[in-house]
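A.B. asks: Here's a sequence, model it:
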Amino acid sequence: MIELSQLTFGYGKQKLFDNLTLSLKPGHIYGLLGMNGAGKSTLLKNIAGLVFPWSGTCTVNGVNAAKRLPSFLQELFFVPEEIYLPAITATKFADSTGHFYPKFDINQFIQILTDFDVPADRPLTKLSYGQQKKVLIAFAPPPIHPY
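C.D. replies: Predicted structure coming up:
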């Protein structure tokens, strides 16, 4: 469950959200729509604890995202709009990064890459942008199902 309570946030003097209150329940699919610069990515960054509200709170499954607790972060994987990956293969990327996620499963990662038709043995920088995004999606930890 994601709960935003009176969230106010902006960059510099530009306020994007003012006392935003929102409750997203498990088991539902939500869309996030808006004009360029409206704050869609910024809202996701608040939910992920990558930026911090000026006031108010954002909790995910009861945990304040801004506290960036290891138990919270290990369950979260944020695929940003722009990505920069190292010039190593997907399997080397998994070997060097997977240990940060206790539930990471290399076999599941390889299976998802196979399902996505993404080569695991080609340097990430040689993959198309779409394939690079698929690598990050495949890397994400399995979802939490609190319901």
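A.B. asks: In terms of helices and strands, where is the closest residue to residue 98 other than its chain neighbours?
C.D. replies: Nearest residue to residue 98, sequence neighbours excluded (C-beta to C-beta, 6 or more residues apart in numbering): residue 104, at 4.0 Å. Using the backbone N, CA and C atoms, a C-beta is placed for each residue, glycine as well. Taking DSSP states H and E as the definition, residue 104 sits outside all helices and strands.
A.B. asks: Am I right that residue 104 is in contact with residue 93?
C.D. replies: No - if you go by C-beta atoms under 8 Å, residue 104 and residue 93 don't touch, sitting 11.4 Å apart.
A.B. asks: Find the residues that touch each one of those two.
C.D. replies: Counting by C-beta atoms under 8 Å, 6 or more residues apart in numbering, the residues touching both residue 104 and residue 93 are residue 139.
A.B. asks: how much space is there between the residue nearest to residue 98 and residue 80?
C.D. replies: Residue 104 sits 19 Å away from residue 80, going by C-beta to C-beta, to the nearest Å.
A.B. asks: what pLDDT does residue 147 get?
C.D. replies: pLDDT recorded at residue 147 is 44.
A.B. asks: before we move on, what about residue 38?
C.D. replies: 88.
A.B. asks: now swap in the one 5 residues further on and tell me
C.D. replies: We note a pLDDT of 93 for residue 43 in this prediction.
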